[in-house]
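>>> how would this look folded up:
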Amino acid sequence: MHLFVYGTLKRGQPRHRFLAGQTFVAHAVTRPLYRMFNVGEYPALVRHAEGRSIEGEVWEVDEACLRALDRVEGCDFGLYARLSVELSPPFEVLPAETYLYQLPVEGLADCGSRW
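Now for the predicted structure:
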């Protein structure tokens, strides 16, 4: 499974350790369908009508890693949901997922295209 990470899971970020043992594929950019907002210590990626391309990394991850990341990202209590993400060329045909924020983002500062 390919996972697009854009915030604290990226290399050099505080939660990157949860990707230990997984395979880095490449730097990637989403299609301009998303916005990223600052929640404080981490970003919130949402699909947005006035979207932009978001920079991140694609990783090949196994099922055990995904289960752990789902817990870390708060999927069980509705903070994030792991959903399909649309990437820009050359990865537009690569099936990938990412963590999309599930709470309201009104009033949060826009992060631009990079965390």
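>>> quick check: residue 94 vs residue 59, distance?
Distance, residue 94 to residue 59, by CB to CB, to the nearest Å: 12 Å. Using the backbone N, CA and C atoms, a C-beta is placed for each residue, glycine as well.
>>> compare those two (neighbour count), which wins?
Legend: neighbour count by other CB atoms under 10 Å for residue 94 and residue 59, higher for residue 59 (24 against 14).
>>> by contact count, what packs against whatever helix or strand the more buried one lives in?
In this structure, residue 59 is located in strand 55-60 according to DSSP states H and E. Where contact means 3 or more CB pairs under 8 Å, 6 or more residues apart in numbering; DSSP states H and E, strand 55-60 is packed against strand 2-5, strand 23-29.
>>> so for residue 16, which of those sits nearest?
Residue 16 lies closest to strand 2-5 among those, at 8.4 Å (CB to CB).
>>> what mean pLDDT does that closest one have?
Mean pLDDT, strand 2-5: 98.
>>> also stretch 98-111?
Mean pLDDT, stretch 98-111: 97.
>>> try stretch 41-53
96.
>>> now do the same end-to-end measure for it.
End-to-end distance of stretch 41-53 (CA to CA, to the nearest Å): 21 Å.
>>> which parts of it are buried?
42-46, 51-53 (16 or more other CB atoms under 10 Å).
>>> looks to me like residue 69 is in a helix.
Yes: under DSSP: H, G, I helix; E, B strand; the rest coil, residue 69 sits within a helix.
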